[in-house]
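A.B. asks: Would you be able to build a 3D model of this:
(chains A, B, C and D)
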Number of protein chains: 2
Amino acid sequence: MRLNHAELLTRFRRHAVRLTRQRAAIYTALAETTSHPTADDLYQTVKRQHPMMSRNTVYYTLGVLQQAGLVQEVNVGHEVARFDGNVTVHHHLICLGCRQIVDVMDEGLNQLAVSNGQARGFRILGHRVEFHGYCAGCQRGKLDVP
Amino acid sequence: MRLNHAELLTRFRRHAVRLTRQRAAIYTALAETTSHPTADDLYQTVKRQHPMMSRNTVYYTLGVLQQAGLVQEVNVGHEVARFDGNVTVHHHLICLGCRQIVDVMDEGLNQLAVSNGQARGFRILGHRVEFHGYCAGCQRGKLDVP
DNA sequence: ATGCTATGTAGGAATCATTCCTAGGTAGGG
DNA sequence: CCCTACCTAGGAATGATTCCTACATAGCAT
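C.D. replies: You can find the predicted model right below:
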């Protein structure tokens, strides 16, 4: 996905987020990958073009973008936070070997509900599904899949 | 669920885990609640009966019990790790207000699959579903549910 | 265009859950 | 009942994330 400055400005305005060079760089780096990078991955990437970029700015910006709904946090278990520029409703496949995260777009998974008997008075606003397994590469390397 | 020493011994033997006073206390505290406590919650609980208990022992023990399959880690987003003594397959309801976690036992949710088109060569071993919303109490307190 | 001001940024210090290290202690097989 | 492999306590270390603060700048109003 190529992102020019006009499109960037449109998106940021739509979500009422002020656009700065740093934010443009961080958001673009995230939106142009499907690899669900960590804050530090993004920092390393963005630092190539912006050597003065602070790690703090990356964290702060990710927080702002997340609250604005331009970015989503994906967490695998208890590991380092990872981020996703795809904010459409979708779910994830997680490789237990190499820890890669792959998007799953499946309308069926978006329709899950909890039976009233189990809902215990909760008002449910959304859900998240993660599938755990081994990717093709890790199956080859490691046939003693537990 | 009342756990006597004989039952405890049986479970630990079945999973080849050495039984110590500390482990008995930690596992019992966890098995007798449905509140998904943090490591520190368990430490605070267990310390009442075992004032010499080290926080380190709680972490180490939870690791051992988890690897043995006597205990499960539940993670809500990027927060502190929480633990679950219920190791049957089940899913969770998470309150965005008070952060409580409630178990959902629903056979339908245990049957989810990813279509081959989306599976991208993954060998899938399991999945986890978390529903996000507001519990009955938090709906009353906070009607500006986002 | 230019100036103003609320907001963002850089950098370093602080936090805090978790892990690492190590010297005693103990479960439980023989 | 004795060994020894495995545990435990306590303190130090780690590392992702957050906090603090002085300087910079986006973008509205003039």
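A.B. asks: Whichever residue of chain A sits closest to DNA strand C and residue A:133, how far apart?
C.D. replies: DNA strand C sits closest to residue A:57 of chain A, with a gap of 2.9 Å, by Cβ to the nearest atom of the strand. Where C-beta positions appear, they are placed from N, C-alpha and C, glycine not excepted. With distances taken as Cβ to Cβ, to the nearest Å, residue A:57 is found 36 Å from residue A:133.
A.B. asks: What residues sit buried inside the host helix or strand of the residue of chain A closest to DNA strand C?
C.D. replies: In the assignment (DSSP states H and E), residue A:57 maps to helix A:55-68. For helix A:55-68, burial by neighbour count (16 or more other Cβ atoms under 10 Å in any protein chain shown) applies to A:57-58, A:61-62, A:64-66.
A.B. asks: Now narrow those to whatever sits close to DNA strand D.
C.D. replies: When Cβ under 7 Å from any atom of the strand is applied, no member of these is adjacent to DNA strand D.
A.B. asks: Next, residue A:34: secondary structure please.
C.D. replies: Of the three states, residue A:34 takes coil under DSSP: H, G, I helix; E, B strand; the rest coil.
A.B. asks: Skipping its backbone neighbours, what lies nearest it in space?
C.D. replies: Nearest-residue entry for residue A:34: residue A:103, 6.4 Å, with adjacent residues in sequence omitted and distances by Cβ to Cβ, 6 or more residues apart in numbering or on different chains.
A.B. asks: ok, now which ones touch the one you found?
C.D. replies: A:34, A:84, A:86, A:90-93 (Cβ atoms under 8 Å, 6 or more residues apart in numbering or on different chains).
A.B. asks: Spell out which parts of chain A neighbour DNA strand C.
C.D. replies: Counting by Cβ under 7 Å from any atom of the strand, chain A sits next to DNA strand C at A:17-18, A:20, A:22-23, A:50, A:52-54, A:56-57, A:60-61, A:64, A:78.
A.B. asks: From the rest of the structure, what touches stretch A:94-102?
C.D. replies: Here stretch A:94-102 makes contact (Cβ under 8 Å, 6+ apart) with A:34-36, A:74, A:76, A:79, A:82, A:92-93, A:130-135, A:137-138, A:141-142, B:120, B:122, B:125.
A.B. asks: Select from those every entry located in strands.
C.D. replies: A:74, A:82, A:92-93, A:130-134, B:125 (DSSP state E).
A.B. asks: Which parts of chain A belong to which domain?
C.D. replies: A:5-84, A:91-141 (automatic domain parsing).
A.B. asks: follow-up on the earlier one: so the residue nearest to residue A:34 sits in a helix?
C.D. replies: No - going by three-state DSSP, the assignment for residue A:103 is strand, not a helix.
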